[in-house]
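A.B. asks: Prediction below, plus the sequence it came from.
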Amino acid sequence: MTPQTDEGALVDDIAARIRARIMDGELPIGKPLRQAALAAEFGVSRTPVREALRQLQNGGLIEMQPHRGAVVRVPAPWEVRQAYEVRAELEALAARRAAARITDSQLAELRRHNDVLRAAAGAGAAGTPDTTQANDCFHTVVCQAADNPWLSRMIDRINESFPRNVSSLALAGDERHRQLNVRQHDAVVAALTDRDEDRAQEAMREHVISAGEHLTAWYERRSQTVFHG
């Protein structure tokens, strides 16, 4: 591994650690992020911290304010809803393309990932690293099967603003929606297995819109907690 790659990995790690703290509420809305304090905490120079903050700013999680510097910014609920409207159309297109291209091994992979979510939903164990990864991988496999790098990049851009681990956290406290999430995945898999482009497109669109509405409600509750309690 080259030094340049090491530095990139360090920046990504710092960004991920700050992102996790923002999403669990440890770093609340409006919280200033001081480069010197973060550098001391992580035992690094200010340079990788500055780059990590820039990465988070590009992802929409922080903003730069005059006289305050980097400040935590959590998207407004309406922003989440609008972004997921766009994501729903993009992932619906991905599912439509995947229906004509997906392999048997990719279908088996989708079932394995959804089985992880199914078992967790039954045990009330959503919001864990395993379920976050399984949900992420499910959508990634569909995008890979669509075989359109431009489409994948556009979907990734949205997901950088709304990390999928937040979706898992939102699911953690809602058993009904956890079960719904699994059933919607089942519908997508069934349509892809039948190579039915129309059904695959509609099933994925419905799933992402549903997820977006649930996440919007989660952000609304979180904003009320931050500002009022």
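C.D. replies: Received it, and whenever you're ready, just let me know what you need.
A.B. asks: Per-residue pLDDT of the spatially closest residue to Arg118 that is not a sequence neighbour, please?
C.D. replies: Of all residues not flanking Arg118 in the chain, Val182 sits nearest, at 4.9 Å (C-beta to C-beta, 6 or more residues apart in numbering). (C-beta placed from N, C-alpha, C; glycine too.) Val182 is assigned a pLDDT of 96 by the prediction.
A.B. asks: Checking my notes, Val182 in a helix, right?
C.D. replies: Yes: under the criterion used here (DSSP: H, G, I helix; E, B strand; the rest coil), Val182 sits inside a helix.
A.B. asks: The residue lying farthest from the centre of the chain sits in which helix or strand?
C.D. replies: Distance from the C-alpha centroid of the chain peaks at His67, with 31.0 Å (C-alpha atoms, centre = their mean). For His67, there is no helix or strand it lies in under DSSP states H and E.
A.B. asks: Val71 reaches Leu27, doesn't it?
C.D. replies: No: in this structure Val71 lies outside contact range of Leu27 using C-beta atoms under 8 Å: 9.9 Å.
A.B. asks: Need the overlap of contacts for the two.
C.D. replies: Both Val71 and Leu27 are contacted by Leu33, under the criterion C-beta atoms under 8 Å, 6 or more residues apart in numbering.
A.B. asks: out of these two, which sits in the busier spot?
C.D. replies: A count of neighbours by other C-beta atoms under 10 Å puts Leu27 above the other of Val71 and Leu27, at 20 against 16.
A.B. asks: Would you agree that one falls within a strand?
C.D. replies: No: under three-state DSSP, Leu27 sits outside any strand and is assigned coil.
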